[in-house]
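S.K.: the following comprises the amino acid sequence and a computationally predicted model.
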Amino acid sequence: MGRTRISDIAHAVKRIRRQAVWLLAATLVLSACAKDAEEQLACPGVEVLQDLGELVRFRPGPGRDATDVLIEAWVDGVGGECSLDGNELRIDLNVRIGARRGPATKTDKAKIGYFVAITDLDRNVLSRQPFETVTPFSNRKTILFEDILDLQIPLRPGLQTDGFSIYVGLDLSEQELAHNRRKRK
């Protein structure tokens, strides 16, 4: 019957750790080679428009205090990845939106509209796409959700991918926009 010594176990653990480190290093080197072309790709900047990043929707009528709020929504974050596909820049854009049911809401869901605009280096709008989502509150008052959008930008030869910008904003009425601007002052 053989005995296992503590020093034998410690040696085996060291050997396994060394092998794991070498395996991890090899994996990183190989993945760096595969991603080298992608890392040189400059993704467009993504920005949430200041006045269009939040929404407070009031019930119809003159009241504008906290008890008149139907829904509050905000762009909680944006991000994503991009890649080249032939002569097209493909962007997987994640748009995270938060929503809170207000005291004046009688339903368990709300429609929230938002848009994504792509501009060129001179800030000319190349495309503006509207999106609408229905927020199911069920038994929760606040919910966060994420939409993953697949955007494509056709590229001309010699055009740099970092010459584009992406803007995200909520679709607001004139009154909702005015409310946001008053809050900022």
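M.R.: Received it, and whenever you're ready, just let me know what you need. Numbers count the residues shown, from 1 in each chain.
S.K.: how close does N124 get to E47?
M.R.: 16 Å (Cβ to Cβ, to the nearest Å). C-betas here are computed from N, CA, C, even on glycine.
S.K.: right, and I91 touches C82 too?
M.R.: Yes - taking contacts as Cβ atoms under 8 Å, I91 lies within contact range of C82: 4.6 Å.
S.K.: give me the common contacts of these two.
M.R.: Between them, I91 and C82 share these contacting residues under Cβ atoms under 8 Å, 6 or more residues apart in numbering: C43, P44.
S.K.: hmm, back to that, so between N124 and E47, which is more surrounded?
M.R.: Between N124 and E47, E47 has the larger neighbour count (other Cβ atoms under 10 Å), namely 13 against 8.
S.K.: quick one: contacts of the host helix or strand of the more buried one?
M.R.: Using DSSP states H and E, E47 sits in strand 45-48. Residues outside strand 45-48 that contact it (Cβ under 8 Å, 6+ apart): V75, V78, G79, G80, L93, D162, S165, I166, Y167, V168, G169.
S.K.: which residues are in contact with stretch 136-153?
M.R.: Against stretch 136-153 from outside (Cβ under 8 Å, 6+ apart): 44, 76, 85, 88-101, 105, 108-110, 116, 118, 126, 129, 131, 133, 135, 161, 164, 166.
S.K.: mind redoing it with 7 Å?
M.R.: Residues external to stretch 136-153 that are found in contact with it (Cβ atoms under 7 Å, 6 or more residues apart in numbering): 76, 88-101, 108-109, 116, 118, 131, 133, 135, 164.
S.K.: the nearest residue to G77 once chain neighbours are set aside: which element?
M.R.: In this structure, G77 finds its nearest non-sequential neighbour in R96, 4.4 Å apart by Cβ to Cβ, 6 or more residues apart in numbering. Element membership for R96, per DSSP H and E: strand 88-101.
S.K.: buried stuff in the lengthiest strand in the chain?
M.R.: The longest strand of the chain (DSSP state E) is strand 69-85. By 16 or more other Cβ atoms under 10 Å, the buried positions in strand 69-85 come out as V69, L70, I71, E72, A73, W74, V75, V78, G80, C82.
S.K.: this structure: strands as residue ranges?
M.R.: Remark: strands assigned in the chain by DSSP E are 45-48, 54-58, 69-85, 88-101, 109-119, 125-136, 142-154, 165-170.
S.K.: can you redo those as a markdown table with mean pLDDT and distance to H179?
M.R.: A markdown table is the format used below for the strands of the chain (pLDDT from 0 to 100; distance: least, Cβ to Cβ, whole Å):
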| stretch | mean pLDDT | distance to H179 |
| --- | --- | --- |
| strand 45-48 | 94 | 17 |
| strand 54-58 | 95 | 6 |
| strand 69-85 | 93 | 11 |
| strand 88-101 | 93 | 15 |
| strand 109-119 | 93 | 16 |
| strand 125-136 | 92 | 20 |
| strand 142-154 | 90 | 20 |
| strand 165-170 | 96 | 12 |
